[in-house]
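Asks: Got a sequence here, can you build the structure:
(one chain, ligands or ions: 2)
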Amino acid sequence: MSEAVSRQTSRRLYGSDAAPERQREAFRSGEVPVAVYGLGRIGLPLSIVYASTTGDVLAAATDRERAREIADGECPIAHEPRLESLLRTAVGADALTATADLPTVADAASVHVVVAETGVRDDDAPDLSELRTMLRDVSGGLDPGDLVLVESAVPPGTCEDIVQPILEAGSDLSADEFGVAACPSRAAPGRALTDLRGSHPKIVGGVDAESARAAALVYDELRVGDVVTVPDSTVAECAKVIESAYRDVNVALANELARLAEELETDVRRAIEAANTQPHCQVHEPGPGTGGHALPDHPYYFVNECATETPLLAAARERNESMPEFTARTLVRELAAADTHVEDAVVVLFGLSYRRAVADARKSPAVALGETLSQFGATVVGVDPLLDDFSAFDDVYLADLDHVAEMDVDAAVLVTDHDEFEGFDWGTFDDPIVLLDGRDALDPDADDALDDHRVHTIGRGDD
Ligand SMILES: NC(=O)C1=CN([C@@H]2O[C@H](COP(=O)(O)OP(=O)(O)OC[C@H]3O[C@@H](n4cnc5c(N)ncnc54)[C@H](O)[C@@H]3O)[C@@H](O)[C@H]2O)C=CC1
Ligand SMILES: CC(=O)N[C@@H]1[C@@H](OP(=O)(O)OP(=O)(O)OC[C@H]2O[C@@H](n3ccc(=O)[nH]c3=O)[C@H](O)[C@@H]2O)O[C@H](C(=O)O)[C@@H](O)[C@@H]1O
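Replies: Numbers count the residues shown, from 1 in each chain. Ligands and ions are numbered 1, 2, ... in the order given. Have a look, this model is predicted:
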């Protein structure tokens with residue numbers, strides 16, 4: 001094969017007959033044009049990891065405003081360490097080109113990384129609408145030898161049954177002319193760049209062996225962590241869903257055990273900690289519920305998409321989804337013990353995001369908790385120093401942390417234990433309040449300011 005053709009094939013990885021080292025060199029040098037579609041919580045950090053590896057990535061957003069913002073080096077994602085500075089560096093070095101011109105991007109790239117939001121709809125059926133649209137955009141510019149890497153979390157079988165057919169239909173190519181691999185992101189918000197660089201292995205599964213080979217080469221160059229190549233794309237998709245389902249079941253176990261604390265009149269949290277000193281026992285932590293993009297959604301990829309019954313996964317979902325109401329009813333009981341009726345109560349929710357250190361209220365337990373307490377007649381106030389989008393909280397008044405102590409408060413619930421609450425002076429409330437700790441974040445023995453308040457911790461039946 002002539003040098004020109006060989007160099008041409010080194011622009012493309014899927015089916016390339018260039019020597020593997022030549023392919024790696026072509027990828028690292030930016031000769032293999034890469035596009036990342038979807039510049040959100042995962043896609044934007046990922047595009048920066050690509051930019052720092054290849055020196056030239058096309059970052060494709062649907063939203064022209066977001067593309068302009070990123071092209072100007074402005075970072076739309078908060079609370080991701082180093083993201084803002086690395087974005088400015090990548091844009092300044094012309095290593096990252098942000099655009100909303102999707103057809104041009106799709107034509108230019110030969111590695112297409114798709115990071116569309118996925119999840120389930122209100123009826124808990126998979127919602128792949130954003131991914132389908134993104135794939136149609138990609139298919140318009142797909143060429144023989146291109147490789148599509150699906151980073152989104154999707155139901156098992158998606159790459160074979162949905163991704164490939166959409167790409168074939170939109171490109172007039174046959175499935176054996178391009179590669180598709182499931183490469184589900186395992187990054188956690190708040191540490192996305194660290195995780196994307198390789199804090200744990202990257203799972204890769206191709207619709208065929210050549211897709212898997214090319215995808216593994218890309219991630220081996222991109223990351224310091226190991227690449228785990230599994231037999232096919234469905235196995236990779238399944239692994240991601242299993243991770244979330246395992247965590248959901250484990251948290252559901254912790255929450256179910258926590259509900260026993262009152263009856264047993266014991267410290268179930270401490271008992272879990274003691275049980276976990278056994279290497280085969282790793283029960284997670286009880287809390288007021290489970291939010292985010294994974295635990296509330298991914299188990300339904302099995303429960304609602306498989307004909308085979310999965311009662312354990314369904315039960316875990318039910319247990320975790322009922323924790324906000326359990327938390328609300330526990331608060332009503334504690335208020336009554338303090339001679340306060342919930343209808344007369346002003347209740348402050350500390351932490352509205354779905355977990356600590358993130359600014360994201362997606363399916364946060366605080367949403368259901370606020371709604372339930374409002375239905376019980378309470379006046380509910382929310383405080384979250386990280387969050388900037390409060391659109392999920394219809395029934396909740398918002399307050400700043402600095403002003404909440406000036407309010408006439410009857411109760412407070414620690415829903416999400418942001419670090420920003422650690423220095424809060426609980427002594428600034430004029431009168432004793434009911435204080436429900438959903439995250440075992442308070443320490444009455446160490447903090448005298450708590451002495452005047454009626455403190456109860458979910459999972460503790462002896463406090
Ligand atoms: N957020 C998280 O904690 C994690 C999410 N994931 C998975 O990563 C995937 C993406 O999640 P997020 O980044 O949180 O979603 P996101 O909603 O923050 O980002 C998706 C982005 O894609 C853009 N977009 C939609 N259609 C597009 C198109 N046709 N072309 C270009 N851009 C388009 C949207 O405007 C948005 O900015 C999901 O499958 C999720 O399950 C995986 C690990 C962690
Ligand atoms: C298997 C796994 O650890 N998945 C991670 C998870 O991250 P995510 O940001 O959703 O946070 P998380 O720590 O799982 O917490 C989810 C929810 O569950 C709650 N939670 C979590 C752990 C626990 O012991 N108790 C508990 O109540 C959290 O408060 C939160 O409301 O989901 C991410 C995702 O896929 O969206 C994934 O990339 C991350 O690696």
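Asks: any idea how far the residue nearest to the spatial centre of the chain is from Arg362?
Replies: In the chain, the C-alpha nearest the mean C-alpha coordinate belongs to His293, at 4.5 Å (CA atoms, centre = their mean). For His293, the distance to Arg362 equals 6 Å [CB to CB, to the nearest Å]. C-beta coordinates here come from the backbone N, C-alpha and C atoms, glycine included.
Asks: same check, this time on His79
Replies: In this structure, His79 and Arg362 are 14 Å apart, going by CB to CB.
Asks: mind checking which helix or strand the residue in the stretch 301-450 of the chain that ligand 1 sits nearest to is in?
Replies: Here the residue of the stretch 301-450 of the chain nearest ligand 1 is Asp360; by CB to the nearest ligand atom that distance is 7.0 Å. Under the criterion DSSP states H and E, no helix or strand holds Asp360.
Asks: Surely it is in contact with Ala366?
Replies: No. Counting by CB atoms under 8 Å, no contact exists between Asp360 and Ala366, whose distance comes to 11.5 Å.
Asks: okay, those two: which has more neighbours?
Replies: Counting neighbours by other CB atoms under 10 Å for Asp360 and for Ala366 shows that Ala366 has the greater number, 30 against 21.
Asks: So for that one, what pLDDT did the model give?
Replies: As summarised for this prediction, Ala366 has a pLDDT of 98.
Asks: any residues in contact with both of Asp360 and Ala366?
Replies: Taking CB atoms under 8 Å, 6 or more residues apart in numbering as the contact definition, Asp360 and Ala366 share the neighbouring residues Ser353, Tyr354.
Asks: picking that back up, mind checking the SS state of the residue nearest to the centre of the chain?
Replies: Reducing the assignment at His293 to three states with DSSP: H, G, I helix; E, B strand; the rest coil gives coil.
Asks: what does the model give it for pLDDT?
Replies: Looking at His293, its pLDDT reads 96.
Asks: where do the strands sit along the protein?
Replies: Remark: strands of the chain, listed N- to C-terminal, are 34-37, 57-60, 96-99, 111-114, 147-150, 179-182, 202-206, 227-229, 346-350, 379-383, 397-398, 411-414, 434-437, 454-457; assignment by DSSP state E.
Asks: so what does the shortest one touch, helix or strand wise?
Replies: Helices and strands touching strand 397-398, as assessed by 3 or more CB pairs under 8 Å, 6 or more residues apart in numbering; DSSP states H and E, comprise strand 379-383.
Asks: For the residue in the chain that ligand 1 sits nearest to, grab phi and psi.
Replies: Across the chain, the shortest distance to ligand 1 (CB to the nearest ligand atom) belongs to Gly40, at 1.8 Å. Taking degrees, to the nearest 10, you get phi -100, psi -150 for the backbone angles of Gly40.
Asks: Neighbours of it, how many?
Replies: 16.
Asks: correct me, but it touches Thr118?
Replies: No. With the criterion set as CB under 8 Å, Gly40 and Thr118 do not qualify as a contacting pair; they are 11.3 Å apart.
Asks: pull the longest helix from this structure.
Replies: Using DSSP state H to assign secondary structure, the helix with the most residues in the chain is helix 233-258.
Asks: Report whether it contacts ligand 2.
Replies: Yes. Applying CB under 6 Å from any ligand atom, one finds that helix 233-258 is in contact with ligand 2 at Glu243, Ser244, Arg247, Val251.
Asks: which parts of the stretch 251-400 of the chain sit against ligand 2?
Replies: Residues of the stretch 251-400 of the chain that fall close to ligand 2, judged by CB under 6 Å from any ligand atom: Val251, His284, Glu285, Gly287, Thr290, Gly291, Gly292, His293, Ala294, Leu295, Tyr354, Arg355.
Asks: Next one: Thr327, what pLDDT does it get?
Replies: The predicted local distance difference test score for Thr327 is 98.
Asks: For it, give me its contacts.
Replies: When contacts are counted by CB under 8 Å, 6+ apart, Thr327 touches Pro288, Gly289, Pro365, Leu369, Val413, Val415, Leu436, Gly438, Ile458.
Asks: Where does the stretch 1-150 of the chain get nearest to ligand 2, residue-wise?
Replies: Checking the stretch 1-150 of the chain residue by residue against ligand 2 with CB to the nearest ligand atom singles out Ile42 as nearest, at 8.1 Å.
Asks: now do the same end-to-end measure for stretch 164-181.
Replies: The first and final residues of stretch 164-181 sit 10 Å from each other (CA to CA, to the nearest Å).
Asks: Next, the buried residues of it.
Replies: Buried residues in stretch 164-181, defined by neighbour count with 16 or more other CB atoms under 10 Å: Gln164, Ile166, Leu167, Glu168, Gly170, Ser171, Leu173, Glu177, Phe178, Gly179, Val180, Ala181.
Asks: what separates the fourth one from Ala215, distance-wise?
Replies: Taking CB to CB as the measure, Glu168 and Ala215 are separated by 19 Å.
Asks: same question, the second one
Replies: Note on Ile166: its distance to Ala215, by CB to CB, is 18 Å.
Asks: swap in the third one?
Replies: Counting by CB to CB, the separation of Leu167 from Ala215 is 15 Å.
Asks: got it, and Ser322?
Replies: Ser322 sits 40 Å away from Ala215, going by CB to CB.
Asks: Run through the residues of the stretch 51-200 of the chain sitting next to ligand 1.
Replies: Taking CB under 6 Å from any ligand atom as the measure of proximity, the stretch 51-200 of the chain contacts ligand 1 at 60-63, 102, 115-118, 130, 133-134, 137, 152-153, 185, 187, 189.
Asks: of these, buried ones?
Replies: Applying 16+ other CB under 10 Å to those, the neighbour count classes 60-62, 102, 115-118, 130, 134, 137, 152-153, 185, 187, 189 as buried.
Asks: Please narrow those residues to those residing in helices.
Replies: For these, secondary structure assignment (DSSP H) places Leu102, Glu130, Met134, Asp137 in helices.
Asks: quick one: contacts for the residue nearest to the first one when sequence neighbours are not counted?
Replies: To tie it back to what came earlier, the one meant is Leu102. Residue nearest to Leu102 in three dimensions, not counting chain neighbours: Asp137, with 4.4 Å by CB to CB, 6 or more residues apart in numbering. With contact taken as CB under 8 Å, 6+ apart, Asp137 is in contact with Tyr37, Ala60, Leu102, Pro103, Ala106.
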